[in-house]
Every structure is written in structure tokens, then in C-alpha cells.
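Visitor: quick one, what's the 3D model for this:
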Amino acid sequence: MGALGEFFDFDEHDTDLRTEVLAGITTFLTMSYIVVVNPAIMTMFPGENGKPGIAIDGYTPGEVQQMLAVVTILSAAVAIFVMAFYAKRPFAQAPGLGLNAFFAFTVVGTLGISWRTALAAVVTEGVIFIILTVIGARKYVIYLFPEPVKFAVGTGIGLFLAIIGLEEMQIVVADPATYVTLGSVAQNPVAILSVIGLFLTLGLYARGMTGSIIIGVLLTTLLGGIVTFAGLVDSGVVAPAFVQNGGFDFSQMTQAQYDITPLVGAFLEGFDNVDEFTFALIVFTFFFVDFFDTAGTLTGVGQIAGFLDEDGNLPEVEKPLMADAVGTTVGGILGTSTVTTYIESATGVEEGGRTGMTALVVGLLFVASLAIVPLAAAIPLYASHIALVVVAIIMLGNVTDIQWDDITHTIPAGMTIIIMPLTFSIAYGIAAGIVSYPIVKVATGEWRDVRPGQWALALAFVIYFVVRTGGFLQANV
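Guide: The predicted structure follows:
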């Protein structure tokens, strides 16, 4: 205890080992849902109602899910250990919600890019982040991030995640007239169980139950198994395939899959037969998404934890940024999307966690969770996506910190929040906010408040929009 206290500066932060351990347990329980949610988002499921993502020849989607669960745990642990021992902050990290959706739905799904090439892009931008962090450039760019956009990012990401979650839960469906509408909830067993599970989880969260999200997901999965076993719903609709009407068929159960060899190093194949211009644009896309999503989440966590200085910046931000950069690079090498800091870290801070000891406990618990990897493939998609909606609601809270009575804040923040979900892209929302910021400042006569770097960011995003929407990317895919 003495050695740990000295290394993590317990006295300086007015904390102790017991407080830090409890804080770490709290943080882990609040974010442990990612062990099952990230694999569900990253895996490709074929069929009419399937989804894009990672598919490996010779392996079922369930086996790929379990591989991705192992990779999720390992990449999270690496990043968190760097956070604990180098940054010494009570922040926990894992593959980010929103970024994994961007990987699967936008890059692999919409653009039709190979998942191996997408991983190569993740590794490349991770290495670039490490270099930028070492030379201090990344910290400088984050400090150039307009304040209204900083505080709007969390809300925009929340709305983005909510749409993904509600769609998978079949509560929100496509409509040719209104684009989206309410599904036939009362006639759809998936939607019915999703609604029950969602309100159950929200109720547990409202009561302050630690681990409410993962508990809600597991209870929803159990309920799906019960109604299937009872014969109220056909087999395979709301429960894993091994749950049958009136019994179990364990031959349908996915075997435990800890061998991640097909994923590790797969990014190397992504460099083959790729047009240089196309690959550069993909890296460019991931760069902006990862860069500003990380900036937003770090600011959001620091804001909730009370670590920001008077200018709204996180002191020594380059250290947690390095943990993110290393986690992203390692995660891409192992086979998952970008790693980022989790807003749930604030729950540990609220329990008194103030040092890297809190992060160390979270990392150790992630390693221990390797024992539950087989559970990942047994969680239906609709149940796992309940977590997205709950987290989305939590993230909406950041909107209160925006200065809505200042038009130079209202417009950039509003553009960020609106564009993100409506274009199904975190990057586009952030870009819209950054581009609008200097324009509004000039219009109100406050052009002196705009730094040269902010003009450069706005110009870079204008070029990005021209490239992305001008047909250049599609022409080279």
C-alpha cells in the first residue's frame, strides 16, 4: 500500500487504496458492456436484416464475435495500463462507441472498403497520433478546438448512437415518406423485448445501481430465452439459436473461440492492392473522426470529473492522449477499431478515484473478463444495443454546458449536434461545427477571437467535404 500510495501520489490527491479500488470496480462495471457490444457492432451478420462489419472465411459470425471480444478486452487493457502507469489518471479506455459504428457502417458498409484495409487505416492513424503526441502537435490542435464544438461533441455522438441502437432494436424503422418512423412495436417480439429491456435498464440506472447497463442487457437476454423456451416466440427470433421451444439444442451453441490469429496482423493484408489516393482518404477520414472524438470524450470526462482548467482544457493532456494513441495502434494490429476514453470514467471519479490506481484496477478487471468471452456470442443484437441508447441519453447531458445565449456558440454547437446523426457520421458533425465557428465570429465582428489555427482547421474541413462529396473517393474505391 505504501509503494502504491507513493507511486500514484495518494497523499497529493487526498485518496487511499480502498477508495481507488472501489472507484476502479465502479468504472469497470459501468463500461463492461463494451465487451459484448463492441463485438456485436464490429461483426458482419449476413441476411436481409444483417449488418456490415468483419467477416472471416471459415468462421461463423458467433465465432468472429468471440474473437472480437478477446481483442476488445486486450486492446482496452493495453490502453488502460498506459493510462495507469504513464498518465496516472483515473480514466478508462476501450474501443469507442461511435467509432466502431463508423468503422462497420460507414467505412465497410457504405463505402464498401475491405475491413482489413479499414484496420490498416486505423493502425496508420494510430501511429500518426503517437508521433503527433510526442512532438506536442496533437495537444496544440486540441487546444484550438472551438469551445462550443467541444461541449457539443458528446451530445452529437449520443444522438448518433441512439439512432443505431433504436434501429437494431427495431423500434425505429425506415420509411419512404418520412425517412424514419416508429416500427410496429406491438406486433414485433424483438421490439417488445427491446422496449421492456430499455426501460428496465433505465430504471436500474435511475436507481443508481452499479453496473446497471450490463445487468439490463443480461436480463433482457434472459427474458428472450424464457419466452422462447416457453414457446411464446419462435426459436431464433429473440434468443440464441441453442434455445429452442421447450428445450435446448447445445449443438447450435457457438464453441468458445479464444484463437484470435485470423484477426491479429490482418491489417497488413489491407495494404495490398489498394490505390494510394483511396487509402490516404480513408486514413484522412479516420484521422479526423478519431482525433476529434477523442478530444471531445477526454474533455467531457475531464469536465465531469472537474479536472479542466479555467480555459476548459485538460492539464497535461498529452499523457492520456498517448494512452489513446497506443491503444488505437495496438487495437488496430489486434483487429478492432479506435480506442478512446470512456465517459463512464466519471462514475469512478464520483466514487473518489483520483489517480492511475483507479485505471489499474479497471485494466485488471478487463483481463479477468476474458473468462466471459463465450457470453459475447450469446447476447442478441437487440439486447446489446440497449447499451447504446442508455449511453446516448447519458451523453446528452453535455448540452447544458453550451452557452446558448451566445450566438457564436449556439450556431457551431447546433451544427455539430444536428449534422452528426443526420449524416450518420461523427466526422461530418464536428467538421460542420468547426467550419461554422469562424464564419459566425466574422459575421458578428468578433473575427479577432479566431486563431490562425482555427482558420486552418476550417479550411482543412472544407477541403475534406469537397473531396468526400465531390466523387473523388467513390471514383477510386
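Visitor: dihedrals phi and psi, the spatially most central residue of the chain?
Guide: Nearest residue to the geometric centre of the chain (Cα atoms, centre = their mean): residue 97, 1.7 Å. Main-chain torsions, residue 97, degrees, to the nearest 10: phi -70, psi 130.
Visitor: correct me if wrong: it contacts residue 158.
Guide: No - contact between residue 97 and residue 158 fails when scored by Cβ atoms under 8 Å: they sit 9.6 Å apart. For the C-beta atoms, the positions are set from N, CA and C on the backbone; glycine is no exception.
Visitor: now do the helices in the stretch 301-450 of the chain.
Guide: In the stretch 301-450 of the chain, the helices defined using DSSP state H, counting those that start in this stretch lie at 318-334, 345-350, 356-368, 381-384, 386-395, 407-422, 426-443.
Visitor: how about the CA coordinates for the shortest one, as PDB?
Guide: In this case it means helix 381-384. This file holds the C-alpha atoms of helix 381-384, laid out as PDB (Å, rounded to 0.1, in the frame of the first residue of the first chain):
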ATOM      1  CA  LEU A 381     -28.000  -7.800 -31.100                       C
ATOM      2  CA  TYR A 382     -31.200  -6.100 -29.900                       C
ATOM      3  CA  ALA A 383     -30.200  -6.700 -26.300                       C
ATOM      4  CA  SER A 384     -26.600  -5.500 -26.700                       C
END
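Visitor: can you tell me the closest non-neighbouring residue to the residue nearest to the centre of the chain?
Guide: Of all residues not flanking residue 97 in the chain, residue 161 sits nearest, at 5.6 Å (Cβ to Cβ, 6 or more residues apart in numbering).
Visitor: repeat for residue 354
Guide: In space, residue 354 is closest to residue 13, 3.9 Å off (Cβ to Cβ, 6+ apart).
Visitor: tell me the SS of the one you found?
Guide: coil (DSSP: H, G, I helix; E, B strand; the rest coil).
Visitor: in three-state terms, label residue 192 for me.
Guide: helix.
Visitor: the residue nearest to it when sequence neighbours are not counted: neighbouring residues, count only.
Guide: Take residue 192 and drop its neighbours on the chain: the residue closest to it by Cβ to Cβ, 6+ apart is residue 185, 6.6 Å away. When neighbours are counted by other Cβ atoms under 10 Å, residue 185 registers 16.
Visitor: ok, now residue 452?
Guide: 8.
Visitor: buried ones in stretch 195-208?
Guide: 195, 197-198, 200-202, 204-205 (16 or more other Cβ atoms under 10 Å).
Visitor: got it, and stretch 445-465?
Guide: 450, 454, 457-458, 461, 464.
Visitor: chain center to that stretch, what's the gap?
Guide: Distance, stretch centre to chain centre, for stretch 445-465: 27 Å (Cα atoms, centre = their mean, to the nearest Å).
Visitor: list the contacts of it.
Guide: The contact list for stretch 445-465 (Cβ atoms under 8 Å, 6 or more residues apart in numbering) reads 140-141, 144, 146, 284, 288, 408, 427, 431, 434-435, 437-439, 441-442.
Visitor: buried among the residues you listed? Need that as a selection in PyMOL.
Guide: Selection of buried members from those for PyMOL, criterion 16+ other Cβ under 10 Å:
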select buried, resi 141+144+146+284+288+408+427+431+434+435+437+438+441
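Visitor: wouldn't the residue nearest to residue 192 be in contact with residue 191 here?
Guide: Yes - with contact defined as Cβ under 8 Å, residue 185 reaches residue 191; the gap is 4.3 Å.
Visitor: any shared contact partners between the two?
Guide: With Cβ under 8 Å, 6+ apart as the test, residue 185 and residue 191 both reach 170-171.
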